[in-house]
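Chemist: fold the following for me, if possible:
(chains A and B)
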Amino acid sequence: MKCLIKSGRVVDPASGIDEIRDILVSGGKIEKIAKNITDKADRTMDAKGMIVSPGLVDMHAHLREPGREDKETIRTGTRAAVRGGFTSVACMPNTEPAIDSRGIVKAVKNMITNGAACNVFIIGAVTARRAGKELADIAGMKAEGVVAVSDDGSPVSDPLVMAKAMKACEKAGLVLVDHCEDKALSGNGVMNKGFISTKMGLRGIPRESEYEAIRRDIDLAGKTKASIHIAHVSCKESVDIIRKAKRAGVRVTAETAPHYFSLTEDCCVTYDTNTKMNPPLRSKEDAEALKKGLSDGTIDVIATDHAPHTDSEKDVEFDFAPFGIIGLETALSLSVTELVDAGVLSWSGLIGKLSSNPAGILGIGRGSLKKGSPADIVIIDPDAKYTYSKESIESKSKNSPFIGWELKGRAVSVMVGGDIVMKDGRITKE
Amino acid sequence: MNKRLVWTKKDLLGLEYLSVEEIEFVLYTASSFKEVTTRQIKKVPALRGKTVVNLFYEPSTRTRTSFELAAKRLSADVINIATESSSVKKGETLIDTGRNIEALKIDIIVVRHDCSGAPNILARSVRSSVVNAGDGWHEHPTQALLDMFTLKEKLGRIEDLKVSIIGDIAHSRVARSNIWGLTKLGAKVTVCAPPMLIPEGIERLGVRATTDLDEAIRSADAINVLRMQFERDSAVAFPSRLEYFKKYGITSERLAKCKKDIVVMHPGPINRGVEMSSEVADGKSSVILDQVTNGIAVRMAVLYLVANAKEPQA
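Modeler: Modelled structure (predicted):
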């Protein structure tokens, strides 16, 4: 089966292309990219006026399966991914049970085969049961196919355990995705510590709890020569520390999430629990620093930190609500508005952050339209305007602060390994 | 002030959310209810046929009693529900509880909760009026209103008064509501606390912050002394009760250096010998019992106004 995507603006940072091109897909792979391809195809998709890029890659999502299928399943989570233009998702191991052994990795691989609408790559736990004490079988999980390890949500607080974990990762050739937080400093905080938390009478999470932890782990990474990837960077100081570390040659990469550059702590004032996430929304100055970090390359990746929670978990007092929001279906639009339209990133720069960079960090061989690559492709209407409604959400959970927002820029069609899984905004898989 | 103001707020969640005119109107309304409370028959039929539910997630005697009396003197029916948010956390949610209470066809829910913002969340989920009787560290609007009512009664005005709030500002809803109300009405507010108990950014609410008690009270027209809760959040910030009293306790010696007619307030219950000496608590500057009395009139005004709120005009 051959498919020809005609006349789109092909943006492929991995090969340096940003021009009108045709793409011929054959046998699930990219066969040819050229002007005016005249080969016969079984199917032709007109992409005039559209952006055609490698499918987006989210290296930080919580698909909740196994254990919390009430919040999300691999099926619903990957449908949300596809709706958002993602063709690959890396799922975090804070499931029940945690993904901390070969056996569980194997089991999750089965679940993926049976339910996923796009590629799912597994991130294993750093420590057994994510408890921060003994290391998980990092080498064994690597042999089973995990693409990274992380104790996301429960950072490894013991520096000795962390140093050992980094050594194990270095040996196994895995990147450690690092949720940097000093839980002692965060205390029972529920939002950014500052004037707004003072006004609202809520316990604050100080910025130090993030950047002091980043400082420690960058030190450890420098010593162990491990590759670490700093998850969900939210504040200015963190950007500065990572920038310096990169200059000093530490093998560190970093991500932020769309809500950190689209929203600020001011959004919390109504006690809407969909503004409660960890790290918390910070100040305008932080959002600006994140944009600067994205534009100068300090921050390599935009990841969603897609964190589904049910309505009944979120419809409670601010103090009692779980941290996190869904993000797979809004990441692209928010990035287009806040970064491309605002002149922070070019389209090529954006696709780098959302596709080739995370794919490169995880080493998954995706995020590129080079000849012979798997045909993971997204066709984006860069000018499409729409209102993000609760009813439109594919994810099983609806915990988003962006419901009701007017958004711009949207994935219209998505191909995974040559199969069309979304066509003109309609998910065709299953 | 505008004595013909049309009240449009179904809820009283905090003084942050009220305009200057609205605050003045509550105080004005309270003054007429105060007259009622001095009559032989202390009851008016203003809320006859209405039902007020006191939903208290935190133990409270005085605030609950004050609301209960206020409701009864307006001829409303009153139900008291006392519960713990920790046990409720495992069972019914706040929103479910609110909707169930509302299904009993009640009119006003007076809520006290240990989580900041709980009344805001409740008010969004029910059609009944919600009155905040204190939420976490956030607001305690009726306390601040009765404090301002008492100040006005004693000193004739709020505008340009120098008011110092002393104690654990960081963890105090009374402090926050007083700051909102007093600054809106034009008072010059100073907050005074040990450094760890002055919360980040408090000056941005339009107050001056200091750690020096003598300096804070020297030229004050009134001081509002907060209860120190050593058993709770204040504990980490100060070594001991005695130490606190030495540095921040209000004593006759300290008051001797202040304005002669200084007004001393306290939201109660007092820790004698911690935030103030007995001599001060019972002394001539103290208006603490007037505050308690005025609390009923102010709460009558609040219940009356929210129960009769008109739809806001577009």
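
Chemist: what's the closest non-adjacent residue to the most centrally placed residue in chain A?
Modeler: For chain A, the residue nearest the mean C-alpha position is A:A303 (2.4 Å; Cα atoms, centre = their mean). Excluding its sequence neighbours, the residue lying closest to A:A303 (Cβ to Cβ, 6 or more residues apart in numbering or on different chains) is A:H60, at 3.7 Å. Heads up, the C-betas are built off the backbone N, CA and C, glycines and all.

Chemist: element containing A:A213, please.
Modeler: Taking DSSP states H and E as the criterion, A:A213 maps to helix A:208-224.

Chemist: which helices and strands does the helix or strand that contains the residue nearest to A:A303 pack with?
Modeler: Assigned by DSSP H and E, A:H60 falls within strand A:56-61. With contacts defined as 3 or more Cβ pairs under 8 Å, 6 or more residues apart in numbering or on different chains; DSSP states H and E, strand A:56-61 has these neighbours: helix A:74-83, strand A:86-91, helix A:331-335, helix A:357-362.

Chemist: can you list the ones you listed in a markdown table and add distance to chain B, mean pLDDT and mean neighbour count?
Modeler: A markdown table is the format used below for those (distance: least, Cβ to the nearest Cβ, whole Å; pLDDT from 0 to 100; neighbours: other Cβ atoms under 10 Å in any protein chain shown):
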| stretch | distance to chain B | mean pLDDT | mean neighbour count |
| --- | --- | --- | --- |
| helix A:74-83 | 24 | 98 | 27 |
| strand A:86-91 | 29 | 98 | 29 |
| helix A:331-335 | 25 | 98 | 26 |
| helix A:357-362 | 35 | 98 | 24 |
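
Chemist: relative to A:A163, which of these is closest?
Modeler: Proximity to A:A163 (Cβ to Cβ) singles out helix A:357-362 among the helices and strands packed on strand A:56-61, at 21.2 Å.

Chemist: elements contacting the closest one?
Modeler: Contact here means 3+ Cβ pairs under 8 Å, 6+ apart; on that basis helix A:357-362 packs against strand A:56-61, strand A:86-91, strand A:252-256, strand A:301-302.

Chemist: so how far is it from its chain's centroid?
Modeler: The chain centroid and the centroid of helix A:357-362 are separated by 11 Å under Cα atoms, centre = their mean, to the nearest Å.

Chemist: beyond that helix, next helix or strand please.
Modeler: Using DSSP H and E, the helix or strand that follows helix A:357-362 in sequence is strand A:377-387.

Chemist: could you pull out the buried residues of that following strand?
Modeler: Within strand A:377-387, the residues that qualify as buried are A:377-382, A:384, counting by 16 or more other Cβ atoms under 10 Å in any protein chain shown.

Chemist: just name the closest of those residues to chain B, please.
Modeler: A:A384 (31.9 Å; Cβ to the nearest Cβ).

Chemist: wouldn't that closest one be in contact with A:K408 here?
Modeler: Yes: in this structure A:A384 lies within contact range of A:K408 using Cβ atoms under 8 Å: 6.9 Å.

Chemist: how is chain A carved up into domains?
Modeler: Listed by automatic domain parsing, the domain ranges of chain A are A:2-52+A:374-383+A:406-427, A:54-362.

Chemist: hey, which of the ones you listed is tucked in deepest?
Modeler: With neighbours defined as mean count of other Cβ atoms under 10 Å in any protein chain shown, those peak in mean count at domain A:54-362, which reaches a mean of 22.

Chemist: centre of the chain to that domain, how far?
Modeler: On Cα atoms, centre = their mean, the centre of domain A:54-362 falls 7 Å from that of its chain.

Chemist: measure it end to end?
Modeler: Criterion Cα to Cα, to the nearest Å; first-to-last residue distance in domain A:54-362 is 16 Å.

Chemist: go on, stretch B:282-291?
Modeler: 13 Å.

Chemist: ditto for stretch A:77-92
Modeler: Note: stretch A:77-92 ends 12 Å apart using Cα to Cα.

Chemist: stretch A:412-420 now?
Modeler: By Cα to Cα, the extent of stretch A:412-420 from end to end equals 11 Å.

Chemist: wait, what's in contact with the residue lying closest to B:G186 once chain neighbours are set aside?
Modeler: In space, and not counting its chain neighbours, B:G186 is closest to B:E159: 3.8 Å by Cβ to Cβ, 6+ apart. B:E159 is in contact with B:185-187, counting by Cβ atoms under 8 Å, 6 or more residues apart in numbering or on different chains.

Chemist: ok, now how distant is the residue nearest to the centre of chain A from A:G115?
Modeler: A:A303 is 22 Å from A:G115, where distance means Cβ to Cβ, to the nearest Å.

Chemist: then B:G268?
Modeler: Distance from B:G268 to A:G115, by Cβ to Cβ: 60 Å.

Chemist: contact residues of the stretch 1-150 of chain B facing chain A?
Modeler: Within the stretch 1-150 of chain B, the residues that sit near chain A (Cβ under 8 Å from any Cβ of the partner chain) are B:16, B:85, B:89, B:93-95, B:113, B:115-118, B:120-121, B:135-139.
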